[in-house]
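# sequence first, then the predicted structure:
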Amino acid sequence: MSTHYFDHVATTPLREEALEAMLPYLKEDFGNPLSQYEAGARAKAAIEEAREKVASLIGVRPSGIIFTASGAESNNFAIRGAALARQDKGTHIVVSKVEHHSILNPARFLEKSGFVVSYLPVDEHGLVDPEVLRKSITDETVLVSIIHASPEVGTIEPIKELAAVAKERGVLFHTDAVASAGNIMVDVGELGVDLMSLSAHQFGGPKGAAALYVKEGMRIVPLIYGGIQESGRRAGTENVPAIVGMGRAAELAASEVADNAKRLTKMRDRLIEGILKVPNVHLTGHRTKRLPGHASFVVEFIEGEAMLLMLAAKGIYVASGSACSSKALKASPVLLSMGVSASLAQGSVVFTMGGESTDEDVDYAIEEFPKVITRLREISPYAGGWGGQEESG
Amino acid sequence: MSTHYFDHVATTPLREEALEAMLPYLKEDFGNPLSQYEAGARAKAAIEEAREKVASLIGVRPSGIIFTASGAESNNFAIRGAALARQDKGTHIVVSKVEHHSILNPARFLEKSGFVVSYLPVDEHGLVDPEVLRKSITDETVLVSIIHASPEVGTIEPIKELAAVAKERGVLFHTDAVASAGNIMVDVGELGVDLMSLSAHQFGGPKGAAALYVKEGMRIVPLIYGGIQESGRRAGTENVPAIVGMGRAAELAASEVADNAKRLTKMRDRLIEGILKVPNVHLTGHRTKRLPGHASFVVEFIEGEAMLLMLAAKGIYVASGSACSSKALKASPVLLSMGVSASLAQGSVVFTMGGESTDEDVDYAIEEFPKVITRLREISPYAGGWGGQEESG
Amino acid sequence: MYSEKVMDHFMNPRNVGEIENPDGVGEEGNPTCGDVMRISIKVEGDRIVDAKFKTFGCGAAIAVSSMITEMVKGKTLDEALSISKQNIADELGGLPAQKLHCSVLGSDALRMAIEDYRSRQKK
Amino acid sequence: MYSEKVMDHFMNPRNVGEIENPDGVGEEGNPTCGDVMRISIKVEGDRIVDAKFKTFGCGAAIAVSSMITEMVKGKTLDEALSISKQNIADELGGLPAQKLHCSVLGSDALRMAIEDYRSRQKK
Ligand SMILES: Cc1ncc(COP(=O)(O)O)c(C=O)c1O
Ligand SMILES: Cc1ncc(COP(=O)(O)O)c(C=O)c1O
C-alpha cells in the first residue's frame, strides 16, 4: 500500500540533509561543547553555526537564539520567564483562546501564582481582533502571547497588527511560531515581536531541538537553571546532533520556503476544493489566511477518529481534533472558541502537507476521502441529518 | 596522533548499538507518538520499550520514569517540582555543598520564592555525614537532595544511610545520579530514594535524553506544562530517537555494569598509583568510595587549564575544575568545600574512563603526565614551593 | 492502539443498519463526546433473532456496536442483558483504557432496546 | 578556543626563566583565580635587552607572558610601557573575551618590572 502522509502538523520527516549533518555528532564528534580541548571547541562551533542558521531563518542576530528541546519548552520558558522577569511591573498577561496547550497550561500555572490572565476570543475563522487585544491591555499588562498559525485550523493571525498594539502600550509580545516557522516566511523584524518559539521537527529538522528567540537586552528568568550553557539562560548539556540538524533544516527551509509555500498553497487549494465537493463538509479556519499546506474540515454526521482510522487503512495519514481522538476526550477548545458546536467538532479532520508531499498525494486523498465518508455515514444514525439535535454547521 | 579520551564525566561516546537502535526513528519511523495511526503507535511503543529498559537499569517500574532532555532538566524538575508540590507541608529543603549547579541554582531560585535552603558541609573527601543531615532536618523540611557521585572528585555518597535519615523524618529524598547511573549499580529500592535523576549521555546513550524517576503515587509539579505526554507530567513532542537510544544504552549498561566497574576500578587504581608518583600531586575525593573510572587530583604549583591543554596536545583529553577553565573564573566550590585552598584548587585535573577505555590509555597517561607536569613547573614561579604563600595541600 | 479484532469489526462492521419493523429500539448517547449508538432488535419467543446498529462515534464505538449485535443474536433476552461491558471488551481482544466507556454505551443501548421491546409487549 | 599563535606561545613559550642579576623584577597576581606572573628584565641604556618570565596560570597567561617578553626585547622603557593589553592580544591573534584579563596581568607585571628598575636606578 502506498502511504500518503498528511500529518505534517504532528511532525515532519527528518530531512536527509539534516540527518547527514547530524551523523558526525552522533559518532566521532561526540564531545561536550563545554570541554576545553579541540573536540569541545568543534562541538561548540557546530552549535554556533546552527545558531546562525536558525537566526537567519527568522531574521535575527544569533545572540537572540536560545536552544531548547521542544516547542513546548520554548513556550513554557517564554510565558513563565518573561512574566516572572517583569512581575514587578505588573501581573496581567494576555493570550488567545486558540493557543497551544503549552501556552495555556503555563498561563494557568501563573494564575495560581497570582497573575491574572485574559483569554481573548476569536471570530469564526479563529482570528484575534487587534481592537479586542487593545481593550484587554491594562496598566498591569506585562506580556501578550498570540499564536502565529494554528496547527488545528491553519489560520494565520495578524501578528504584525497585534504586536503593534502591544508595542504602543509598552507590553512584551511573544508569538508561538512552532507551526509556522520554516513553513512560511517568518521575519521577527517585520512582525515586530519580542519573543518567538520555533521547533525543528515542524520543518524537517529533528525532534529534540527547538528555540526561543529573545529580543536583545531583554531579561528572561530561566526555566532550567544550572550551568553556563546558552549564556546561562538554559542549562543542560547541549543536544549537539539535534541542534546541528535543526540548523541544517533551517538553512534549507530559508532557501526553499517561498517556493514551497507557493507550491503547497496550490495543492492545498485543490485539496480543499476536492474535499468540499462532499456534501455537508465545511472548511475550518480562514479560507486564505492559512498555512500553505493546511486543509482542515469538519464533516457532519461522523466522528473524526473513525475517519482517521479508515483513512489510515487506505494509507492516508491525517489528524483529528475530535474529542474521541484526544486523550482528554474533550471537544477541541479551538473549534469551540470559533463557534463550532461540540457535535460538529467531533467531525474534525486535518490534512497537512509538507516539502515531500506531491500532487499524487492530493489526487489520492480527493479520490479516497469521499468513499470513507460515505462508508461511515452509512453507519451513522444521523445519515439523513442531525435530526433536530443539531443544525448543520 | 593517537587519542586517549579521559573525559567521560563530560560526556561519553554514543555506543554503536544505541545509534543503530536510533536510526530507524531518524529515518522512516519519524511519526509522532501521539498520532492515532500505526506510525504513531509504533513510536509510542518504542518509547514504552525504552522506558522499561531505563526503569530496569535502576530497578523500578516503568511508570516511575519520566523522560526529559537533560540531567539538568531532571534536576530542576525534581527540586522545584517536589518542593512546590509539598509547600503546604513546609518550605525548607536540604542539599549538600557538593551538588551540581543544576541542583544548586534551582535551590537558589526557590530561596527567592520563600523557601529556606540548608547547604550541608562535607568532609575532606567530599562525604556528607548522615548525622549532619539528621540535625539539619526540621519540621518544615520537605525535601533533601544529595548527589550520588561527584563528577568532580568521584566520591560516592552514602545515599542509603542519608535516605534512611530522611525517611525516618518523612521527608522526600532525591539523588542526582547523573554521574553514577549506568556506571555503577544503582538500585532505587536498595538506596531507598524517592526521586532520582539520570542522563543518557553519561553512559553511552545520546545527548538529549535523560530521565527523572518519581516514586509511585507521588505528586510532582511539572516544569514544562502542555500536552499529555509523559502522563501530563512533562509536555513536548518526545525525542523518540534519543529516548530509544537511551533505552538501548541502559539495557547494555545494565548487563555490563558489574564487569565494567571491576575492570575500570583496576585501571583507575593503576592510574592513581602512577599519577601519584609525581611529587606534590594529591588525590581529591575518597580513595575507595569513588566512581570506578574516576581519578581526580590537584597538582601543586601549576594551573589546570594549562595541564589540560598540554595533555590535549598529546592526545590525552581530561577535565579540570580550575577557575581558569571554568567560564565563571571561580575556584571549584566542590574543592573549596572539601577544604582545598583556592590556589591548590587551580591545579585540578580530572581523568575519567569508560567502557571503551583501555589499559593502553592508562599506560600512555602514566607515561606522559609527568612530562607535562615537569614542563609546566619549569614555567611556574612556584617551582621550588609555594614560597610561604601556601602550605602544600 | 486497537487490537486486530477491534480493527476488523471497525473496518468490516457486522449488522449495520436498522431493522424494518423492529421489536425494540434503544439509543444511548455519551454526553461528553457526543457519541450516539442506536440498536434495533427482532425478537422471537424470548430470543433475539436479529440485531442491527447505527453509530456516530469513534473506531471503538463502531467496533463495540458491531460486536454486541453479533453477540446477542440467538441469545435469550436475559442472556443478552447479562452481557457486561467487560464481556464486550474481552470479545474484542481488549480496548484501550480510555475507550472502555464506548463499551458501556454498547451494553446500555442494548438494554434500552430490550426494555423497549418489553414495554411494547406490555401494551 | 585559542588562536594558533596563542597555542604556539603556550606550547613553546619563549624566554622562560629568571634573569640572573636582573635590573628589574615585576610580579603581578590575579586575586580571583590566583594566577601569578613574574617578569625579570635586563636593561642597557634605556633599552630592555633581555626579559624572562615565570608564570603560574592558564594557557593564555603563559602565552601572554611569552609574547610580552618577546615584544619588549630591544624596546626602550617608554616604548615598553606603552604596550597595552590590547596590543598583546592582537599580537597573539586575539584572546577569548574571558581571557583578556590575562593580558592585563602581562602588561602590569612588565610595568612593575620597569618601575622596579627605575626605583633601583634612583638609589
Ligand atoms: C552530577 C551531575 N548532575 C547533573 C548533570 C547535568 O546533566 P546534563 O549534562 O545531562 O545536563 C551533570 C553533568 O554532567 C552531572 O555530572
Ligand atoms: C503551535 C504549536 N505550539 C507548540 C507546539 C509544541 O511543540 P513541540 O511539539 O516541539 O513540543 C506545537 C506542536 O506541534 C504547535 O503546533
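Looks like it arrived, so ask away. Ligands and ions are numbered 1, 2, ... in the order given.
# can you report phi and psi for the residue of the stretch 101-250 of chain A found nearest ligand 1?
Here the stretch 101-250 of chain A gets closest to ligand 1 at one residue, A:Thr237, 3.2 Å apart by C-beta to the nearest ligand atom. In short, each C-beta sits where N, CA and C put it, glycine included. Here is the backbone geometry of A:Thr237 (degrees, to the nearest 10): phi -60, psi 130.
# same check, this time on A:Val340
Dihedral pair for A:Val340: phi -80, psi 140, per degrees, to the nearest 10.
# that one and A:Thr284 touch, don't they?
Yes - using C-beta atoms under 8 Å, A:Val340 is in contact with A:Thr284, at 7.0 Å.
# which residues are in contact with both of the two?
Residues touching both A:Val340 and A:Thr284 by C-beta atoms under 8 Å, 6 or more residues apart in numbering or on different chains: A:Val298.
# look at these two and report which has more neighbours.
Comparing A:Val340 with A:Thr284 by neighbour count (other C-beta atoms under 10 Å in any protein chain shown), the higher total belongs to A:Thr284, at 30 against 23.
# now the helix or strand hosting A:Ser255 against helix B:240-276, angle please.
If you go by DSSP states H and E, A:Ser255 is part of helix A:240-276. In terms of direction (axes from the mean of the first three to the mean of the last three C-alpha atoms, to 10 degrees), helix A:240-276 departs from helix B:240-276 by 180 degrees.
# wait, does helix A:240-276 contact ligand 2?
No - Helix A:240-276 is not in contact with ligand 2 by C-beta under 6 Å from any ligand atom; minimum separation 10.9 Å.
# tell me who's in contact with the residue in chain C that chain B sits nearest to.
Proximity to chain B, evaluated over chain C using C-beta to the nearest C-beta, is greatest for C:Met1 at 5.1 Å. By C-beta under 8 Å, 6+ apart, C:Met1 lies in contact with B:36, B:40-41, C:96.
# tell me the contacts of the residue nearest the centre of chain A?
Nearest residue to the geometric centre of chain A (C-alpha atoms, centre = their mean): A:Ala179, 2.6 Å. By C-beta under 8 Å, 6+ apart, the contact set of A:Ala179 is A:9, A:147-151, A:202, A:291.
# export these to CSV and tack on neighbour count and distance to chain B?
Shown next, in CSV, are the contacts of A:Ala179 (neighbours: other C-beta atoms under 10 Å in any protein chain shown; distance: C-beta to the nearest C-beta, whole Å):
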residue, neighbour count, distance to chain B
A:Val9, 27, 9
A:Ile147, 29, 13
A:His148, 23, 17
A:Ala149, 28, 17
A:Ser150, 31, 15
A:Pro151, 25, 11
A:Gln202, 27, 9
A:Leu291, 28, 17
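# quick one, helices of chain A?
Assigned by DSSP state H, the helices in chain A fall at A:16-26, A:38-57, A:71-85, A:101-112, A:130-136, A:159-168, A:188-191, A:240-276, A:304-313, A:333-337, A:342-345, A:359-379.
# before we move on, what about chain C?
Using DSSP H, the helices of chain C run over C:4-11, C:59-72, C:77-81, C:85-91, C:100-122.
# and the residue of the stretch 51-200 of chain A nearest ligand 2?
A:Gly71 (2.3 Å).
# meant to ask about chain C, not that
For chain C, C-beta to the nearest ligand atom, closest residue to ligand 2: C:Met1, 19.5 Å.
# what residues does chain A put near chain D?
A:36, A:40-41, A:44 (C-beta under 8 Å from any C-beta of the partner chain).
# do that again at 10 Å, thanks
Selection of chain A residues close to chain D by C-beta under 10 Å from any C-beta of the partner chain yields A:35-38, A:40-41, A:44-45.
# picking that back up, can you put the contacts of A:Ala179 in TSV and add pLDDT?
Formatted as TSV, the contacts of A:Ala179 follow (pLDDT from 0 to 100):
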residue	pLDDT
A:Val9	95
A:Ile147	98
A:His148	98
A:Ala149	98
A:Ser150	97
A:Pro151	96
A:Gln202	98
A:Leu291	98
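# turn these into TSV, including distance to ligand 1.
TSV is the format used below for those (distance: C-beta to the nearest ligand atom, whole Å):
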residue	distance to ligand 1
A:Val9	30
A:Ile147	30
A:His148	30
A:Ala149	32
A:Ser150	33
A:Pro151	29
A:Gln202	24
A:Leu291	34
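# among the residues you listed, which are within reach of ligand 2?
A:147, A:151.
# just curious, which of the contacts of A:Ala179 is nearest to A:Ile58?
If you rank these by distance to A:Ile58 using C-beta to C-beta, A:His148 comes first, at 10.7 Å.
# distance of that closest one from A:Ile159?
Look at A:His148 and A:Ile159: by C-beta to C-beta, to the nearest Å, they are 6 Å apart.
# overlap in contacts of those two?
A:175, A:177, A:180, A:186, A:191, A:193, A:196 (C-beta atoms under 10 Å, 6 or more residues apart in numbering or on different chains).
# for the last one, which non-adjacent residue is spatially closest?
Of all residues not flanking A:Met196 in the chain, A:Tyr213 sits nearest, at 4.3 Å (C-beta to C-beta, 6 or more residues apart in numbering or on different chains).
# so what's the one you found bridging to?
On the basis of DSSP bridges, A:Tyr213 takes part in beta bridges with A:Ile65, A:Met196.
# could you measure from it over to A:Ser231?
Relative to A:Ser231, A:Tyr213 is positioned 14 Å away (C-beta to C-beta).
# give me the buried positions along the lowest-mean-pLDDT helix or strand in chain C.
Counting by mean pLDDT, DSSP states H and E, chain C has its least confident helix or strand at helix C:100-122, which shows a mean of 89. Of all the residues in helix C:100-122, those buried under the rule 16 or more other C-beta atoms under 10 Å in any protein chain shown are C:100-114, C:116-117.
# which elements pack onto that helix?
On a contact count with 3 or more C-beta pairs under 10 Å, 6 or more residues apart in numbering or on different chains; DSSP states H and E, helix C:100-122 meets strand C:24-29, strand C:36-44, strand C:47-56, helix C:59-72, helix C:77-81, helix C:85-91.
# now it against strand C:47-56, angle please.
Going by the same axes, to 10 degrees, helix C:100-122 is angled at 130 degrees with respect to strand C:47-56.
# specify the angle between helix C:100-122 and strand C:36-44 in degrees.
Going by the same axes, to 10 degrees, helix C:100-122 makes 40 degrees with strand C:36-44.
# just give me how far helix C:100-122 sits from the chain centre.
Using C-alpha atoms, centre = their mean, to the nearest Å, the mean C-alpha position of helix C:100-122 is found 8 Å from that of the whole chain.
# next: stretch A:244-256.
Centre-to-centre, stretch A:244-256 and its host chain are 17 Å apart (C-alpha atoms, centre = their mean).
# distance of C:Ala80 relative to ligand 1?
58 Å (C-beta to the nearest ligand atom, to the nearest Å).
# excluding chain neighbours, what is closest to that residue?
The spatially closest residue to C:Ala80, leaving aside those adjacent along the chain, is C:Val72, at 4.5 Å (C-beta to C-beta, 6+ apart).
# can you count the residues close to A:Arg375?
16.
# thinking it is in contact with A:Leu309, fair?
No - if you go by C-beta atoms under 10 Å, A:Arg375 and A:Leu309 don't touch, sitting 11.5 Å apart.
# got any residues that touch both of these two?
With C-beta under 10 Å, 6+ apart as the test, A:Arg375 and A:Leu309 both reach C:Met11.
# could the helices of chain C go into CSV alongside distance to D:Arg47?
Below are these laid out as CSV (distance: least, C-beta to C-beta, whole Å):
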stretch, distance to D:Arg47
helix C:4-11, 93
helix C:59-72, 92
helix C:77-81, 114
helix C:85-91, 98
helix C:100-122, 94
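# out of those, which gets nearest to A:Tyr382?
Evaluated over these, closeness to A:Tyr382 peaks at helix C:59-72, with 13.5 Å, by C-beta to C-beta.
# looking at chain A, which helix or strand is least sure?
Result, chain A / mean pLDDT, DSSP H and E: helix A:342-345, a mean of 90.
# list phi and psi for the closest residue to A:Gly182 other than its chain neighbours.
Closest residue to A:Gly182 apart from its sequence neighbours, by C-beta to C-beta, 6+ apart: A:Phe203 at 2.6 Å. Phi and psi for A:Phe203, reported as degrees, to the nearest 10, are phi -140, psi 40.
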